[in-house]
Structures are given as structure tokens and as C-alpha cells.
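Student: Fold the following and give me the result.
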Amino acid sequence: MEQYVIKGGIPLVGEVEIGGAKNAALAILAASVMTDETVTIENLPNVRDINVLLGAMEGIGAKIDRIDAHTVKVNGSMIKELCVEYEYIKKIRASYYLLGALLGKYNHAEVALPGGCDIGSRPIDLHLKGFRALGADVRIQHGLITAQADHLHGTHVYMDKVSVGATINIMMAASMADGKTIIENAAKEPHVVDVANFLNSMGARIRGAGTDVIRIVGVERLHGTEYSIIPDQIEAGTFMFAAAATRGDVTVKNVIPKHLEATSAKLIEVGCEVEEFDDAVRVVCSRPMRHTQVTTLPYPGFPTDMQPQMSVILGIAQGTSTVTESIFENRFRYVDELTRMGANIKVESNIAIINGVEGYTGARVNAPDLRAGAALVIAGLSAEGITIVDDIYYIERGYEDFEKKLSELGAQIEKVSSEKEIQKFTLKVG
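Tutor: Residues are numbered from 1 along each chain as shown. Modelled structure (predicted):
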């Protein structure tokens, strides 16, 4: 089992390049099989979740041609198998995007119930409600979601709750349904817009993505395209918070600053300087950070995927802060680990009350999920002494070359796979 071993206390300084958005890429890859023509996708992040999904797509007959680490050609003309039971697919949440894609193209799909990080209940009832409204018969049996339709027809779908996954899934299926579909109370996240733009580049007719009403006119067929995925706002935000936690000066490149507004606003509130450029953001932390209040909300609110990273910097800010998690109920599982590093955090229901301490101290901690794992690495970077983060396969699900990018900013961090390597690192850094 691999770990990160970190010697903390060094300010991060320099520039870091952000990769493509994992959450957009997963949906776009699934949608790429909706045409029989070849689709080229660029700026793909080379992370575990992407590679699992590509394997699953190959398993049902899609032709995958990996041009390089960040570019792939997909051809879905040879798909014969509409049942996705790929052994690893249950490990990633985004497996369900193949439901919308295959249902839209073939009027039939069977996909294993999805897995992913255990950060709380993420029911798929809204996805199923949307598919049923489009005319599909949807059942859950033998661990599979099965959707079948004679033909899909346009409809009006009101989302009882804002759901990124359901918005994207219904949008994909509806793009090849007969007639017009309206999705109300749709998610507005940047990756919803990116998927809509991708589908439109294939000949779909989708308007309103990025607002809470999306209108879709179904088309008979989609065609090939070349498409570059948007930058990852969560990876960008993670490096912005790492700069703040280590009292550093980092320029985060290849980003869309508008997608980072909620993150930037909170960094400014706690006392950091944030400078925006056309496609970059610079974060400087030169004075003690102060407390604030944060509530996670759907976009354009503060993202739930940035909540653990935010809590880490508030843990070493002056005064008492509160973090309210309104999206997922299990998102505070990292608090016990952070407490081992000296944090003073009390969780009551969905609110964390954080009393700032002077600094963290190195400890051995476990990454409970993807974003919490990245947050514990940030805590380790700012801590006095040596921190070891176990279960880093969670982190590798969503961050490409994480330790390498941090090292290039001056961090003392290594990926190791034995106690001997940990000792060697400890002796090396003194």
C-alpha cells in the first residue's frame, strides 16, 4: 500500500499547471459513445477514475485509442454489449453516466450500481425519475440498474433537488429523444456546461446550460468531434488552499478564474491576497489568517468538494470558525484524523465548530476519501515535523501527479510503499 510522507513547514512558492476537470471528463467520456463516429477528447486528466471508466467502455466494445496521457480517441460504433458489469466500475460514482449515454443511443442500458467515496448518501432516484419521464422502464435488480424504452420522448422534468449527476444524465438521454425536453431546477456547475457544450459540438441542440432551466431538442444522430475539457476547479482550489496553509505564494495556471470565485472570496475573507489573471490565479498568504463562516452550496456557492481543504486552513486561523455542510452528511470523516495533528474541531450534526490553533504537528493519518485525503496532505505540508498519509489511492482517483506538482512548489513530499522508504525519507530530510 502506498503512502505520502511529508516534512511540513515549508512555504509553497512558484507556479503550478492545472489539468482537465475530472468530473467533466467522466461524463464527456461516457457521452462520447453516443455517436458511431470517432471522437477526440483532449485535456483529459490522467487519474484513476478516468482509467477505470475507459476500461469499462472498452469492456462493452468501444474502441479506445490512447494518443497520449491527456488525449484519447473513442469510437462507439462497435458497441454490442449494453450491460456494464466491469469489475471495477462499482468503485467509481460516474459509472452511472453510461446509463444516460447508452439509453439515449440504444434505448437500452444496464449498469452496475455505482460506488465511489463514502461521503454520504447520494441516491440515484432523480436520475431514474428523469429516465422514466422520458419514457423508459427503469428497474434495479441483481445489483444492476436496467433502463429500457421502445423510444424516448421529450418531456418536462422538475428536479426536486439540485443534482449535477442527474442533470447530466437526463440531458444526455434527452439529446437523442423525440421532441423537446425541459429540465427545471437544473444544476449550474461548470462541468454541466462543459458536457452540454461537448454534446452540442456533436450536433445536439441544448440551450440554457449554466442556468436553472435547460432546454433540449432531440436529434436523430450525433457526429464525431474534437473537444478539450475545461480546467479542474477543485484541483485549482486545492493548490490555492495549500498556498494559504503553508503561508506561501503560488500562481495556479490554466484555470478559469470565474469558476473559482467562491474559493477566492473565502481566501480573501481569511486574509490572503488573491490576484486574478486571464487564465491564472495567484494566492499569497503573508499574514496570520482570521476566522470566517462557510456553508457548502450548489454552484455558484462554495463547493462541497472544497470543504475539507477549507476546514484545514480554518484550523490554523485565529478565532472560531464554523463550516456547515449542506450537501453530504458524511463529509466530516476527516475530522478525527485532523485532530491527531492537533486541530480543535467539534462536529455537531452538519456543522463543524473550529477553534484555530497555532499550527499542526505531524502524525500518521488515513485518507478517508478523495478530497479529505488532499486536505490531510495540505495539513501535513503546513505541520511541524513528519506526516504520513495512508490510503492515498483515494487521492489518486482525482489528482494527477499530486506529489510531483507539490514538490515543484518546494514541498518535501514523496510517495513511498514501505516502512523502510519512510525511514529513508525521514533521515534524508533530517
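Student: quick one, phi/psi of the residue nearest to residue 305 when sequence neighbours are not counted?
Tutor: Counting by Cβ to Cβ, 6 or more residues apart in numbering, the nearest residue to residue 305 once its immediate chain neighbours are dropped is residue 234, at 4.7 Å. Placement of C-beta: from N, CA and C, glycine included. Backbone geometry at residue 234, expressed as degrees, to the nearest 10, gives phi -80, psi -40.
Student: Wait, residue 234 touches residue 302, no?
Tutor: No - taking Cβ atoms under 8 Å as the definition, residue 234 is not a contact partner of residue 302, at 11.9 Å.
Student: returning to that earlier point: so how many other residues sit close to the residue nearest to residue 305?
Tutor: Burial of residue 234, expressed as a neighbour count using other Cβ atoms under 10 Å, amounts to 24.
Student: Distance check, it against residue 79.
Tutor: 31 Å (Cβ to Cβ, to the nearest Å).
Student: again with residue 370
Tutor: In this structure, residue 370 lies at 29 Å from residue 79, with Cβ to Cβ as the measure.
Student: do residue 163 as well
Tutor: Relative to residue 79, residue 163 is positioned 27 Å away (criterion: Cβ to Cβ).
Student: and the helix or strand of the chain with the lowest mean pLDDT, which strands flank it?
Tutor: Across the helices and strands of the chain, the lowest-confidence element by mean pLDDT, DSSP states H and E is strand 83-84, at a mean of 86. Applying DSSP bridges, strand 83-84 is found paired with strand 108-112 (parallel).
Student: List the buried residues in the strand it pairs with.
Tutor: Residues of strand 108-112 classed as buried under the neighbour-count rule (16 or more other Cβ atoms under 10 Å) are 109, 110, 111, 112.
Student: Kindly calculate the angle that whichever helix or strand comes after that strand makes with strand 108-112.
Tutor: Later in the chain than strand 108-112, the nearest helix or strand by DSSP states H and E is helix 125-133. Angle of helix 125-133 versus strand 108-112, following axes from the mean of the first three to the mean of the last three Cα atoms, to 10 degrees, is 160 degrees.
Student: what packs against helix 125-133?
Tutor: Contact here means 3 or more Cβ pairs under 8 Å, 6 or more residues apart in numbering; DSSP states H and E; on that basis helix 125-133 packs against helix 97-106, strand 137-141, strand 144-148, strand 156-158, helix 164-174.
Student: Can you show me the CA trace of that helix as PDB?
Tutor: Extracted as PDB, the C-alpha positions of helix 125-133 are listed here (Å, rounded to 0.1, in the frame of the first residue of the first chain):
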ATOM      1  CA  ASP A 125     -33.700   8.400  -7.700                       C
ATOM      2  CA  LEU A 126     -33.600  11.700  -9.600                       C
ATOM      3  CA  HIS A 127     -31.700  10.000 -12.500                       C
ATOM      4  CA  LEU A 128     -34.300   7.300 -12.600                       C
ATOM      5  CA  LYS A 129     -37.200   9.700 -12.300                       C
ATOM      6  CA  GLY A 130     -35.800  11.600 -15.300                       C
ATOM      7  CA  PHE A 131     -35.400   8.400 -17.400                       C
ATOM      8  CA  ARG A 132     -38.900   7.300 -16.600                       C
ATOM      9  CA  ALA A 133     -40.300  10.700 -17.600                       C
END
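Student: what angle separates that helix from strand 137-141?
Tutor: Here the directions of helix 125-133 and strand 137-141 differ by 140 degrees (the same axes, to 10 degrees).
Student: which residues sit against helix 125-133?
Tutor: Under the criterion Cβ atoms under 8 Å, 6 or more residues apart in numbering, residues 96, 99-100, 103, 138, 145, 147, 155-157, 159-161, 163, 165-166, 169-170, 173, 183 lie in contact with helix 125-133.
Student: Recalculate using a threshold of 6 Å.
Tutor: Helix 125-133 has contacts (Cβ atoms under 6 Å, 6 or more residues apart in numbering) with 138, 147, 155, 157, 159, 163, 166, 169, 170.
Student: which parts of it are buried?
Tutor: For helix 125-133, a neighbour-count test (16+ other Cβ under 10 Å) marks 126, 127, 128, 129, 130, 131, 133 as buried.
Student: For those residues, give me TSV that also has pLDDT and distance to residue 40.
Tutor: As requested, these are arranged in TSV below (pLDDT from 0 to 100; distance: Cβ to Cβ, whole Å):
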residue	pLDDT	distance to residue 40
126	94	31
127	95	28
128	94	32
129	96	34
130	97	29
131	98	29
133	98	33
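Student: which one of those residues is nearest residue 261?
Tutor: Of all the buried residues of helix 125-133, residue 126 has the smallest distance to residue 261: 26.5 Å, by Cβ to Cβ.
Student: Could you tell me which residues make contact with the residue lying closest to the closest one once chain neighbours are set aside?
Tutor: Beyond its immediate neighbours in the sequence, the residue positioned closest to residue 126 (Cβ to Cβ, 6+ apart) is residue 166, lying 3.7 Å away. Applying Cβ under 6 Å, 6+ apart, one finds that residue 166 lies in contact with 126, 127, 130.
Student: Kindly recompute the last result at 8 Å.
Tutor: With Cβ under 8 Å, 6+ apart as the criterion, the residues that contact residue 166 are 124, 126, 127, 129, 130, 159, 187.
Student: Distance of the fourth one relative to residue 108?
Tutor: When you say that, I think you mean residue 129. Summarising the geometry, the distance separating residue 129 from residue 108, computed by Cβ to Cβ, is 19 Å.
Student: Likewise for the last one?
Tutor: Distance, residue 187 to residue 108, using Cβ to Cβ: 26 Å.
Student: from the contacts of helix 125-133, which is closest to residue 276?
Tutor: Using Cβ to Cβ, residue 163 comes nearest to residue 276 of the contacts of helix 125-133, at 29.9 Å.
Student: Pretty sure that closest one sits against residue 189.
Tutor: No - if you go by Cβ under 8 Å, residue 163 and residue 189 don't touch, sitting 10.2 Å apart.
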